[in-house]
Each structure stands twice: as C-alpha cells, then as structure tokens.
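Student: Return a 3D structure for these sequence lines:
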Amino acid sequence: MILLTTTFFEQVIDVATAAGVLIAAVGLIIAIRSSYITTMHKCIFEYRKMAHTIQENDFKKEKDKEILKKDLLGLFNEQLFYCNKWYLPFSIRTEWKNTMQRHLENKNDDVIVFVKNDLLNFSRVETFAQNRKIQFN
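Tutor: The predicted structure follows:
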C-alpha cells in the first residue's frame, strides 16, 4: 500500500513538473514576441519621426540635414544589430534591410544624400553596404 502511494505522488510530481516546463515554454514564447514588438515599435517610431522631417524638408541650415543623416545612419546601425542578433522576425529583418538599401542608394528622396564617407563611424552599416555592393556617388 505504501509503495502505491509513493508511486502516485511521484506521478503527481512528474505531471506538475511537465506542466511547469510547458508553462515556462509558453512564457518564453510570449517574452520573445514581446521583445519583437518592443524593438519594432521603438525603431519604427524613430524612423517615422525622421521620415516626417525629411518629407517636411524644413531645414534651416545645411548642418540640420547632416545631423538628420547621422541620426538615420545611427538608427540603421542599431536596426542592423537587432537584425544580426535575430531580435526580429525574418520578414521584418528583410523589410528593414531593403528600406536601408533604398536609403543608402539615395532612391527614397533627394533631400538626404548618402556618400561612402558617411558610413565611416557606422561599422554595421558600412559592412551592410559592402555586402550589398551599394554604389555611392
């Protein structure tokens, strides 16, 4: 009789352990998805803010344009970090990289024009441009 009781308790503990592992796995999936959303939201917010500034084309000084260019390159550098570390789903990584390439090839607008020397302090963007064989003027 005691042997059956011990076996029953062992089974209960096994079931509880399995349920705990399952709950932890679900929690991990939710945490990863939350990380995706937080990372995407932050970068999308920054990009939209810069894109509005470019569209408004309200630069009082040429220096303002250069500051925006460096901010955009900084954002690209950060986004490439997230892409390289797989902090984002594949489809988002692909979309962001294609958008970066269009900007670097100066296909998005005539306001911000990138040249090769702009990338010197942005190692990930520089490597990205080399790997994609982006031609600069």
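Student: residue ranges of the helices in this protein, please?
Tutor: With DSSP state H as the criterion, the chain has helices at 2-56, 62-84, 90-104, 123-131.
Student: Let me have those in a markdown table, adding mean pLDDT and mean neighbour count as columns.
Tutor: (C-beta placed from N, C-alpha, C; glycine too.) Listed next are the helices of the chain as a markdown table, based on pLDDT from 0 to 100; neighbours: other CB atoms under 10 Å:
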| stretch | mean pLDDT | mean neighbour count |
| --- | --- | --- |
| helix 2-56 | 82 | 11 |
| helix 62-84 | 92 | 17 |
| helix 90-104 | 93 | 16 |
| helix 123-131 | 96 | 16 |
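Student: Could I get these in TSV, plus columns for distance to residue 137?
Tutor: Output for the helices of the chain, formatted as TSV (distance: least, CB to CB, whole Å):
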stretch	distance to residue 137
helix 2-56	18
helix 62-84	14
helix 90-104	11
helix 123-131	13
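Student: So for residue 113, which of those sits nearest?
Tutor: Closest approach to residue 113 among the helices of the chain (CB to CB): helix 62-84, 8.2 Å.
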